[in-house]
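A.B. asks: kindly generate the corresponding structure for this input.
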Amino acid sequence: MQPPQQPYPVQPGQTFQPSAPPHRPRMPRWLVWIVVGIVALVIVGGIVEFAVLPYLKQPKMTLTDLQYSDDRGSCDSFFSPVPPQFFSFSFVIRNTGDADGFATVSFIVFEDATGRQFPNPMPFAQNRYFVPSQAASGKDATVQVNDCYASHTWSVIISAVEKA
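C.D. replies: Down below sits the predicted model:
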């Protein structure tokens, strides 16, 4: 049996080196870590943007353009003044926040016509309104007050804000 043939003649004093496919050059280790770091930052950024930031957004409500009228009903009757009287309000709620929300608007009476002050005034009425983010919404409300005093010290405020 003959020895296997070499593909190229080998000159005396040289050794035969089989041809092998060239090795791909390896990426430097520091470059691998930079690529891994960038990919990790992109993933974490996506999680923060879509999972965390929506929970941090909040509505910010303000009450503007308040106008009111007083319908005294039969309270103005000379012979038999009978409550109730009605206060009607129109106002604009502005949401300058970055989330939709609900505003609770309260009508509060601080003192009546006799000068009697209420130490912890409670709202006579409250209404809850939805206002989208970065929007203004005109609203109105009517409150029934069961007395016939001609004047009251009152206020209309936003008493609570909730995220929708």
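A.B. asks: pLDDT at Ala135, what is it?
C.D. replies: pLDDT for Ala135: 96.
A.B. asks: how many other residues sit next to it?
C.D. replies: Look at Ala135: counted by other C-beta atoms under 10 Å, it has 11 neighbours. C-beta coordinates here come from the backbone N, C-alpha and C atoms, glycine included.
A.B. asks: hey, what's the residue nearest to it when sequence neighbours are not counted bridged with?
C.D. replies: Excluding the flanking residues, the one nearest Ala135 by C-beta to C-beta, 6 or more residues apart in numbering is Asn95, at 5.8 Å. Asn95 has the following beta-bridge partners by DSSP bridges: Met61, Ala135.
A.B. asks: what's the distance between Asn95 and Thr64?
C.D. replies: 12 Å (C-beta to C-beta, to the nearest Å).
A.B. asks: compare neighbour counts for the two and give me the winner.
C.D. replies: Asn95 (24 against 9).
A.B. asks: so the more buried one touches Leu63, yeah?
C.D. replies: No - applying C-beta atoms under 8 Å as the test, Asn95 and Leu63 come out as separate, 11.1 Å apart.
A.B. asks: give me the common contacts of the two.
C.D. replies: Ala103 (C-beta atoms under 8 Å, 6 or more residues apart in numbering).
A.B. asks: show the subsequent helix or strand relative to the strand or helix carrying Ile34.
C.D. replies: In the assignment (DSSP states H and E), Ile34 maps to helix 29-47. Once helix 29-47 ends, the next helix or strand along the chain (criterion: DSSP H and E) is helix 53-56.
A.B. asks: let me know the pLDDT of the residue nearest to Ala135.
C.D. replies: pLDDT at Asn95 comes out at 97.
A.B. asks: who's in contact with Ile157?
C.D. replies: Per C-beta under 8 Å, 6+ apart, neighbours of Ile157: 63, 105-106, 108.
A.B. asks: repeat for Pro54
C.D. replies: Per C-beta under 8 Å, 6+ apart, neighbours of Pro54: Ala99.
A.B. asks: heads up, I number from 607, so please use that
C.D. replies: Let's use 607 as the start, then, which means that last one is Pro660.
A.B. asks: what's the per-residue pLDDT of it here?
C.D. replies: For Pro660, pLDDT reads 78.
A.B. asks: name the nearest residue to the most centrally placed residue in the chain, ignoring sequence neighbours.
C.D. replies: In the chain, the centroid-proximal residue (C-alpha atoms, centre = their mean) is Ala705; its distance is 2.5 Å. Spatial nearest neighbour of Ala705, chain neighbours left out: Lys663 (4.0 Å); criterion: C-beta to C-beta, 6+ apart.
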